[in-house]
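**Q** predicted model and sequence below, questions to follow.
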Amino acid sequence: MSLTDTQRAILDFIRQRVEADGVPPSQLEIAAAFGFRQNKSASYHLKALEDAGAIERVPGQARGIRLVERRPHRRGRPEQLRLPVLGQVAAGTPIGADIGSDAEILLDRVLFSPTPDYLLRVKGDSMREDGIFDGDLVAVHRTNEARNGQVVVARIDGEITIKRLEMRTGHLRLLPRNPDYTPIEVPRGADFAIEGIYCGLVRRG
């Protein structure tokens, strides 16, 4: 199935948002970015991308778009990663780190961007509007650098949490994606570090 120029542009936009923010855009954000007057226009193009095998959509999620990248691989099998599960991370109030691998999971590399180094189990629902729910395994790319607006795993005063990073001059906050939670202000002098950036999730059925 061939794609129109608009559908190719939407696919590129989804890739760019995943690479920049670690999460795909919502359907409403796609409609706004491309000047569609109605949300159903974005839905039509996303359906075409899904039918073409370029994306998958998860029902009931605002950001339930998953890229389906086809890359060459040896012996016709997908390139795979063996990722350790390193405890849990709070999507809510920060919790103490529970580091120590209790499992390993074999996953297709093409599901993630950038390539993750490990998985953390989510506890709490403060990131639900980004499609991250209690019990999910989030894939984390280990780095101590992140851009404003990215979803990060951060350590503050010895505890870890997953939030969206907001950086302003002389001001740092960790933002939840659930109105029931308040942002975490990072005071000057706090023991704070970026542990990694979010690059996808695994939801076990």
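**A** Sure, I can see it. Keep in mind that what you see is a predicted model, and the values were worked out from it rather than measured. Residues are numbered from 1 along each chain as shown.
**Q** who's in contact with the helix ranked longest in the chain?
**A** Identified as the longest helix of the chain according to DSSP state H is helix 5-21. Helix 5-21 has contacts (Cβ atoms under 8 Å, 6 or more residues apart in numbering) with 3, 23-25, 29-30, 33-34, 42, 45-46, 48-49, 52, 54-55, 65, 67, 113-114, 147, 149-151. The way it works is simple: take the backbone N, C-alpha and C, and place the C-beta from them, glycine included.
**Q** what are the contacting residues of stretch 51-68?
**A** Residues contacting stretch 51-68 (Cβ under 8 Å, 6+ apart): 1-3, 7, 11, 14-15, 18, 23-28, 46, 49-50, 110-111, 113, 129-131.
**Q** could you give the average pLDDT over the longest helix of the chain?
**A** For helix 5-21, mean pLDDT is 84.
**Q** now it: how far from the chain's centre is it?
**A** 15 Å (Cα atoms, centre = their mean, to the nearest Å).
**Q** now the helix or strand following it, how far from the chain's geometric center?
**A** Toward the C-terminal end, the helix or strand that comes next after helix 5-21 (DSSP states H and E) is helix 27-33. From the chain centre to the centre of helix 27-33 is a distance of 18 Å (Cα atoms, centre = their mean).
**Q** if we go by neighbour counts, what in helix 27-33 is buried?
**A** Gln27, Glu29, Ile30, Ala31 (16 or more other Cβ atoms under 10 Å).
**Q** closest one of those residues to Asp180?
**A** The nearest member of the buried residues of helix 27-33 to Asp180, counting by Cβ to Cβ, is Glu29 at 22.1 Å.
**Q** any idea of the pLDDT on the closest one?
**A** At Glu29, pLDDT is 90.
**Q** residues touching it, list them.
**A** Arg17.
**Q** hang on, the earlier thing: buried members of the contacts of stretch 51-68 into ChimeraX, please.
**A** Of these, the buried ones go into a single ChimeraX selection, burial set by 16+ other Cβ under 10 Å:
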select :3,7,11,14,18,23,24,25,26,27,46,49,110,111,113,129,130,131
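**Q** output the lowest mean pLDDT helix or strand found in this structure.
**A** strand 95-96 (a mean of 50; mean pLDDT, DSSP states H and E).
**Q** domains in this protein, by residue range?
**A** Per automatic domain parsing, the structural domains of the chain span 5-67, 75-202.
**Q** follow-up on the earlier one: now go through the contacts of helix 5-21 and say which are in strands.
**A** Ile55, Ile65, Leu67, Val151 (DSSP state E).
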